[in-house]
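Colleague: Can you look at this prediction? I've put the sequence above it.
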Amino acid sequence: MTTAKKTTAARQGFKTGEAVVYPAHGVGRITAIEEQEIAGYKLELFVVSFEKDKMVLRVPTAKANSVGMRKLAEPELVKKALDVLTGRARVKRTMWSRRAQEYEAKINSGDLIAVTEVVRDLYRSDAQPEQSYSERQLYEAALDRVVREIAAVNRITDTESLKLIEQSLAKSPRRAKGAEAEAEADGEDVQDEAEAA
């Protein structure tokens, strides 16, 4: 009886078939819990499959918490993350290399809110100047993590999840003003063309 308790405690509430978040890779699914002998020691491992990346990761059950593996976010946290997207971007006026390191650390933290902040800060609407290559890479990595977690929590497709995120981004103060200014500019162009004719 004590061994059954020990293994349950060691598994930290994770079970086969459950979707989990691994900080460096995003949303995966525990496909099995297996025992392997490594260097003469028997280790119990979570076998975590990341379908989109075609990758399988083996995480020792005893180390799951220390490496940051966690259950999916609660629906309330997803709602809070979508609210973060409607906020104003907070871009520090530091060197890009320093900001890039901070963004990378947030993405790999596995914290949904931190990753969502990266999406908010690096998002560019069509009316704004294009991103640099490295900015785009970080944005897409963060967006992918958020899309997959929201899709898993809400049990929707990645496409539906992306639409939710884009709707939230469109509500942010800076983007809303940009859209209004763009609409006004389009209206002026039409007037100018009418006057020219």
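Modeller: Arrived safely, thanks for sending.
Colleague: How many neighbouring residues does Ile46 have?
Modeller: Not quite, residue 46 is Phe, not Ile. Using other CB atoms under 10 Å, Phe46 has 26 other residues around it. C-beta here means a position set from N, CA and C on the backbone, and glycine is covered the same way.
Colleague: Also Leu169?
Modeller: Number of residues near Leu169 (other CB under 10 Å) recorded here: 19.
Colleague: just Gln131 next, same as before
Modeller: 15.
Colleague: repeat for Glu160
Modeller: By other CB under 10 Å, the residues close to Glu160 number 14.
Colleague: ok, it touching Ala151?
Modeller: Yes - counting by CB atoms under 8 Å, Glu160 does reach Ala151; the two are 7.1 Å apart.
Colleague: can you list residues touching both of these two?
Modeller: With contacts taken as CB atoms under 8 Å, 6 or more residues apart in numbering, Glu160 and Ala151 have no neighbour in common.
Colleague: Do a quick rundown of the helices in the chain.
Modeller: Using DSSP state H, the helices assigned to the chain run over residues 2-10, 75-85, 96-109, 112-122, 133-154, 158-170, 173-196.
Colleague: Do me a favour and average the pLDDT over the last one.
Modeller: If you average the pLDDT over helix 173-196, you get 45.
Colleague: do the same with stretch 130-149
Modeller: 95.
Colleague: buried ones in that stretch?
Modeller: Glu135, Leu138, Tyr139, Ala141, Ala142, Leu143, Asp144, Arg145, Val146, Val147, Arg148, Glu149 (16 or more other CB atoms under 10 Å).
Colleague: could I get these as CSV with distance to Val91?
Modeller: As requested, these are exported to CSV (distance: CB to CB, whole Å):
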residue, distance to Val91
Glu135, 11
Leu138, 12
Tyr139, 12
Ala141, 17
Ala142, 14
Leu143, 17
Asp144, 21
Arg145, 20
Val146, 18
Val147, 22
Arg148, 25
Glu149, 23
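Colleague: Can you list the low-confidence ranges for this structure?
Modeller: 1-10, 174-197 (pLDDT under 70).
Colleague: Domain parsing of it, as residue ranges.
Modeller: According to the TED database, the chain comprises the domains 15-71, 75-173.
Colleague: Neighbours of the closest residue in space to Glu130 that isn't next to it in sequence, how many?
Modeller: Distances taken as CB to CB, 6 or more residues apart in numbering place Arg124 nearest to Glu130, at 6.9 Å, with adjacent residues excluded. Number of residues near Arg124 (other CB under 10 Å) recorded here: 15.
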